[in-house]
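>>> Kindly return the folded structure for what I paste below:
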Amino acid sequence: MVWIKRFLILALVALVVIQFIPVEKNEGGYKSLDSFLAETKPSDAVGTILKTACYDCHSNQTEYPWYSNLAPASFFLADHVKDGKRHLNFSEWDTYSAKRKDHKLDELIEEVESGEMPLESYTLIHTDAKLDAAQTEALLNWAKAARLNYSEAFEPQ
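Residues are numbered from 1 along each chain as shown. Prediction:
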């Protein structure tokens, strides 16, 4: 019984201590998305879908929930956002080549069509990010149309 009490005290101390470990926040602002928006020209409806379901993990702009300031949730969220940006970062769109932009949009289409994106773990908490059939279709149609701009850039003439 004594060892359980000591373990719980140690666990509580560890939980308090990890609160002081800083975590990098992803707060670059929506201005960083200007290049992406200018090139791909999403409609207002698609722009809303992107903001609600994509930008938190796939841009330099993340709107953090209150629990993101509490460890260990802060560590999980920081890693999740870092991984999302590794796959696709709309804020760095202007650094991608035409071929890479085409590939990223192709991946977006595949992920949304298969239901892999947005992640279920994200939509459980962010219920407004869950896409209905009309939103999915609008997002896919936009991505396919935007992709044409880039696939034409490297096709042989």
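>>> Distance from the chain centre to the lengthiest helix in the chain, please.
As assigned by DSSP state H, the longest helix anywhere in the chain is helix 133-151. Between the centre of helix 133-151 and the centre of its host chain there is 18 Å, according to CA atoms, centre = their mean, to the nearest Å.
>>> what comes into contact with that helix?
Under the contact criterion CB atoms under 8 Å, 6 or more residues apart in numbering, helix 133-151 has outside partners 39-43, 45-46, 49-50, 98-99, 101-102, 105-106, 108-109, 112-113, 131. For glycine as for every other residue, the C-beta is placed from the backbone atoms N, C-alpha and C.
>>> Which ones among these map onto helices?
If you go by DSSP H, the contacts of helix 133-151 have 39-40, 45-46, 49-50, 98-99, 101-102, 105-106, 108-109, 112-113 in helices.
>>> Looking at those residues, which is nearest residue 18?
Proximity of the ones in helices among the contacts of helix 133-151 to residue 18 (CB to CB) peaks at residue 50, which lies at 33.5 Å.
>>> That closest one and residue 73: what is the separation?
Distance, residue 50 to residue 73, using CB to CB, to the nearest Å: 25 Å.
>>> Counting neighbours, go ahead and name the busier of the two.
Between residue 50 and residue 73, residue 50 has the larger neighbour count (other CB atoms under 10 Å), namely 21 against 14.
>>> Correct me if wrong: the more buried one contacts residue 42.
Yes: applying CB atoms under 8 Å, one finds residue 50 in contact with residue 42, separated by 6.2 Å.
>>> any low-confidence regions in the chain?
Applying pLDDT under 70 to the chain picks out residues 17, 27-31, 152-157.
>>> Report the central residue of it.
The centre of the chain sits closest to residue 57, judged by CA atoms, centre = their mean, with a distance of 1.8 Å.
>>> Look up which residues are beta-bridged to the closest residue to residue 55 other than its chain neighbours.
Computed as CB to CB, 6 or more residues apart in numbering, the closest residue to residue 55 that is not its neighbour in sequence is residue 61, at 5.5 Å. Beta-bridge partners for residue 61, by DSSP bridges, are residue 27.
>>> roughly how far is stretch 6-24 from the heart of the chain?
Relative to the mean C-alpha coordinate of its chain, stretch 6-24 is positioned 28 Å out (CA atoms, centre = their mean).
>>> Please apply the same query to stretch 51-68.
6 Å.
>>> before we move on, what about stretch 53-69?
7 Å.
>>> before we move on, what about stretch 2-20?
33 Å.
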